[in-house]
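Novice: got a sequence here, can you model it:
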Amino acid sequence: MLSQQEYYILTFETNADVMYAEKQIQEHFAITIMPVPGEFHSGCGLAIRFLDPDETSILTFCRTLPLHGTLYKMQTRRENGRRPFEKLLSF
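Specialist: Now for the predicted structure:
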């Protein structure tokens with residue numbers, strides 16, 4: 001179960017991929033568009049943040065997207081000035 005100190009973000013290489021994914025994902029999950037956190041890089045600088053805490057559903061859905069992206073679990077707390085994160089899936 002996801003705590004309020006963790007969230008999922010999905011990054012892409014292009015703005016077109018972010019916009020396409022946003023249309024697909026918002027039919028199934030509550031999401032928001034955000035800048036890519038400084039802890040890692042994305043080609044376009046935008047990410048999709050899932051407001052839904054259901055990791056299993058998010059992983060299952062992301063595997064069906066016809067795009068290339070990366071899903072991360074991000075911490076809200078900082079350690080040594082950076083937020084820890086875990087790469088969950090590249091597709």
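
Novice: which helix runs longest in this protein?
Specialist: Secondary structure of the chain per DSSP state H: the longest helix is helix 15-25.

Novice: in that one, what's buried?
Specialist: 17, 18, 21, 22, 25 (16 or more other Cβ atoms under 10 Å). Glycine gets a C-beta too; all of them are placed from N, C-alpha and C.

Novice: show me the contacts for the last one.
Specialist: Residue 25 makes contact with 10, 31, 48, 50, 61, 65, according to Cβ atoms under 8 Å, 6 or more residues apart in numbering.

Novice: for the most far-flung residue of the chain relative to its centre, grab phi and psi.
Specialist: Using Cα atoms, centre = their mean, the residue of the chain lying farthest from its centre is residue 80. It sits 22.4 Å away. Phi and psi for residue 80, reported as degrees, to the nearest 10, are phi 60, psi 40.

Novice: in stretch 51-65, what's buried?
Specialist: In stretch 51-65, counting by 16+ other Cβ under 10 Å, buried: 52, 55, 58, 61, 62, 65.

Novice: which of the three states applies to the fourth one?
Specialist: With DSSP: H, G, I helix; E, B strand; the rest coil as the basis, residue 61 sits in helix.
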